[in-house]
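>>> Please find the sequence and the predicted model below.
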Amino acid sequence: MNESKYLKIVDEDGKVIEYEILCVFKLTKTDKNYIIYTDNTNNEMGDLNVYASIYYPNESNRLEVIETEEEWQEVEKRLKELQQ
């Protein structure tokens, strides 16, 4: 397993969850880094569960919620690029 392609996060119960990193990018408008990742599970409709967060490359596994519509639009744009 290539560690650089995986993200390990400890949940509030202390359980370590491993996510596969699909995409990492930085927006110059916000000067923030973003990460798109999955736990490789599927939802009820059979679609892959995919998550996105703001992340800090120099801080171990620190993630923040994406809150603005502009940021989500950029995430969706990157997801469409990944699907092609």
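Arrived safely.
>>> going forward, measure contacts between C-alpha atoms and count neighbours the same way
Will do.
>>> just wondering, since we're on Leu48, how far is it from Asp31?
29 Å (CA to CA, to the nearest Å).
>>> Who has more neighbours out of those two?
More neighbours surround Leu48 than the other of Leu48 and Asp31, with 13 against 8 (other CA atoms under 10 Å).
>>> How about that one: which residues does it bridge to?
Asn42 (DSSP bridges).
>>> Please report the distance of it from Glu69.
The gap separating Leu48 from Glu69 is 22 Å, by CA to CA.
>>> Please give me every residue in contact with the closest residue in space to Asn43 that isn't next to it in sequence.
The shortest distance from Asn43 to any non-neighbouring residue, by CA to CA, 6 or more residues apart in numbering, is to Asn49 (6.2 Å). Taking CA atoms under 8 Å, 6 or more residues apart in numbering, we find Asn49 in contact with 38-43.
>>> Model confidence for Asn49, exactly?
Looking at Asn49, its pLDDT is 95.
>>> would you put the C-alpha positions of the worst-scoring helix or strand of the chain on mean pLDDT in CSV?
Between all helices and strands in the chain, the lowest mean by mean pLDDT, DSSP states H and E belongs to strand 6-10, at a mean of 88. Taking Å, rounded to 0.1, in the frame of the first residue of the first chain, the C-alpha atoms of strand 6-10 are listed here in CSV:
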residue,chain,number,x,y,z
TYR,A,6,-3.8,7.2,1.6
LEU,A,7,-5.1,9.3,4.5
LYS,A,8,-5.6,7.9,7.9
ILE,A,9,-8.0,9.7,10.2
VAL,A,10,-8.9,8.8,13.8
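>>> For the following helix or strand past it, name the packing helices and strands.
Under the assignment DSSP states H and E, the closest C-terminal helix or strand after strand 6-10 is strand 16-27. Where contact means 3 or more CA pairs under 8 Å, 6 or more residues apart in numbering; DSSP states H and E, strand 16-27 is packed against strand 6-10, strand 32-42.
>>> if we go to 10 Å?
strand 6-10, strand 32-42, strand 48-55, helix 69-83 (3 or more CA pairs under 10 Å, 6 or more residues apart in numbering; DSSP states H and E).
>>> bridging residues for Tyr34?
Beta bridges link Tyr34 to Phe25, Ile54, judged by DSSP bridges.
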